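heads up, no residue letters with this:
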């Protein structure tokens, strides 16, 4: 987790509704990934850059006796803890950064996991190395992250094309990596992980409520788009309105970004 202010997508308490939608849309692919790799069987599970803490809650429900979420944003951590309490979950949450991994209470985990965190950083290598420090010898490091430019719709929607262009440009302007997915396996191997495996998934959106994630994301990236002169307020407002209206059109199909799922083990 970098300084929260460097994220291309607005975070904090105001972003919780969008994060809930993302958690719901990503859950099927994430659960399949965790199940396929055996990650839900370990007693200690760390969700890095946890956001609303959904993955830690799911790990606790699957039997983890110590499911922990860590995030750089204290407001988000408080929201995740309150959400877990409402759900009756034993998951717990702490504030921290990648620099904190592998020390104190953030070490010795059976599984260390991150989703859509490394794409907010300039390079994945140091973050992956930190995740390896936090896992026990023989334990699993799992990463899911994106290729944003791979988003598509049928039929093609110009507002979505422009939104994706702006996302990629804004992310690159602040030094983030909206195309980090293909580099994850190499970063994990370079950090010393063994038995590295790679898979690719791309969630498909058909329901209007799901398709609106693109309008909500356009709203959420407005600050860096404006700060770097990539679009005007009027264009952003128009894109959000067009994306909301497009979501209600019959027969629309679109996707989230392509997700690369990478798993590896710390040498025993």
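Yep, that arrived. None of these values were measured; they are calculated from a predicted model.

Tell me how many other residues surround residue 177.
Neighbouring residues of residue 177 were enumerated by other Cβ atoms under 10 Å; the total is 19. Heads up, the C-betas are built off the backbone N, CA and C, glycines and all.

Doesn't it lie inside a helix?
No - according to DSSP: H, G, I helix; E, B strand; the rest coil, residue 177 belongs to no helix; its state is coil.

Local confidence estimate at it?
pLDDT for residue 177: 96.

for it, what are its contacts?
For residue 177, the residues meeting the contact criterion (Cβ atoms under 8 Å, 6 or more residues apart in numbering) are 118, 119, 120, 121, 122, 123, 124, 171, 183.

By neighbours, which of the residues you listed wins?
Counting by other Cβ under 10 Å, residue 118 has the largest number of neighbours within the contacts of residue 177, with 32 neighbours.

Quick check: the gap between it and residue 128.
Distance check for residue 118 against residue 128: by Cβ to Cβ, to the nearest Å, it reads 7 Å.

for the helix or strand containing residue 165, packing partners?
Using DSSP states H and E, residue 165 sits in helix 158-173. With contacts defined as 3 or more Cβ pairs under 8 Å, 6 or more residues apart in numbering; DSSP states H and E, the secondary structure elements packing on helix 158-173 are helix 213-220, helix 222-227, helix 233-247.

mind checking which of those helices is nearest residue 108?
Closest approach to residue 108 among these is made by helix 213-220 (34.8 Å; Cβ to Cβ).

So what angle separates the directions of the closest one and helix 233-247?
In terms of direction (axes from the mean of the first three to the mean of the last three Cα atoms, to 10 degrees), helix 213-220 departs from helix 233-247 by 170 degrees.
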